[in-house]
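*Asks:* Please work out how this folds:
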Amino acid sequence: MKKLPFAQRFRSSPAGVMSPVESHRPFRLWMTGSLAVVMAAMVPLRDVSDTEGDSASRVVRHSRYGVGETVQRIEAAARDRGLSVLALMPGERPVLVLGSSIGGTLVVMDEADSHPEVPMSVMVREGPDGGADVLIGSSSSADVPRDWQSLPAAVVDDLQALPGLVDRALV
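*Replies:* Alright, predicted model coming up:
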C-alpha cells in the first residue's frame, strides 16, 4: 500500500472518513490450542535481554508485588474475565499464555520470514528496584493498530482488554 500524506489520504477517503493511523494487516494469523506452536513462539522471548524486550515488541507495566504473586494475580484476573490459561512456563521469567474466551490463543506473523508472536502472552520478570515488570505482547496494545477483521469479535475484545486486565491485577 502506497503511503500518502495524511491530507491526501483524507481527501481520497469516502466522505472524508478515515482513521488517523493506518492499521497493519498481519501476513498470517491463526488460532491454536497446540502447545507445540505456542512453545515454539514463546521460547525465544525468554532469551531476550531487558533492553530488547522493552523495545522490540513489548509494553511494560510495573508491579509492586514479587514475580510469583504477580503471575498469580494476572492468572486470577484472566480467569475472572473468562480467559483460560493455556500455558505457564515457570522459571526466573515466567511466561503466561492466555487462551481467548472462545478457546485457543492467537499466533501472528507480520511477515513471511518473521518469528511467530503470541499476543495473548505475558512475561513477568524481577524489577530492577524490587517488585516485578510485566511485559505484554504489543499486539494487545492500542499503540499498535492491527487489522483483526478476520478474527472473531470475542478474540479482538480479549486482545484489547489484556492491558487493562493486567492493570487491574496489579492494583
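
*Asks:* Any regions of this structure where pLDDT drops low?
*Replies:* Where the chain drops to pLDDT under 70, the residues are 1-31, 40-57, 138-147.

*Asks:* for the protein, what's the longest helix?
*Replies:* If you go by DSSP state H, the chain has its longest helix at helix 153-169.

*Asks:* Tell me how many other residues crowd the residue nearest to V67 when sequence neighbours are not counted.
*Replies:* Nearest residue to V67 in three dimensions, chain neighbours excluded: A132, at 4.7 Å (CB to CB, 6 or more residues apart in numbering). (Glycine included, C-beta is placed from N, CA and C.) Counted with other CB atoms under 10 Å, residues neighbouring A132 total 22.

*Asks:* Dig out what A132 forms beta bridges with.
*Replies:* S63, E126 (DSSP bridges).

*Asks:* what about the closest residue to G137 other than its chain neighbours, distance to V166?
*Replies:* Among residues not flanking G137 along the chain, P119 sits closest, at 3.9 Å (CB to CB, 6+ apart). Going from P119 to V166 by CB to CB, to the nearest Å gives 13 Å.

*Asks:* cool, S84 as well?
*Replies:* Where V166 is concerned, S84 sits at a distance of 16 Å (CB to CB).

*Asks:* So which of these two has more stuff around it?
*Replies:* Set side by side, S84 and V166 show more neighbours around V166, with 23 against 15, by other CB under 10 Å.

*Asks:* Hmm, M123 and the more buried one touching each other?
*Replies:* No - counting by CB atoms under 8 Å, V166 does not reach M123; the two are 11.3 Å apart.

*Asks:* Common neighbours of these two, please.
*Replies:* V134 (CB atoms under 8 Å, 6 or more residues apart in numbering).

*Asks:* burial count for D129?
*Replies:* 7.

*Asks:* From H62, how far off is it?
*Replies:* For D129, the distance to H62 (CB to CB) stands at 9 Å.

*Asks:* so which helix or strand takes in the closest residue to M120 other than its chain neighbours?
*Replies:* Of all residues not flanking M120 in the chain, L98 sits nearest, at 4.4 Å (CB to CB, 6+ apart). Assigned by DSSP states H and E, L98 belongs to strand 95-99.

*Asks:* for the helix or strand just after that strand, packing partners?
*Replies:* Per DSSP H and E, the first helix or strand lying C-terminal to strand 95-99 is strand 105-109. Secondary-structure packing of strand 105-109 (3 or more CB pairs under 8 Å, 6 or more residues apart in numbering; DSSP states H and E): strand 28-32, helix 35-46, strand 95-99.
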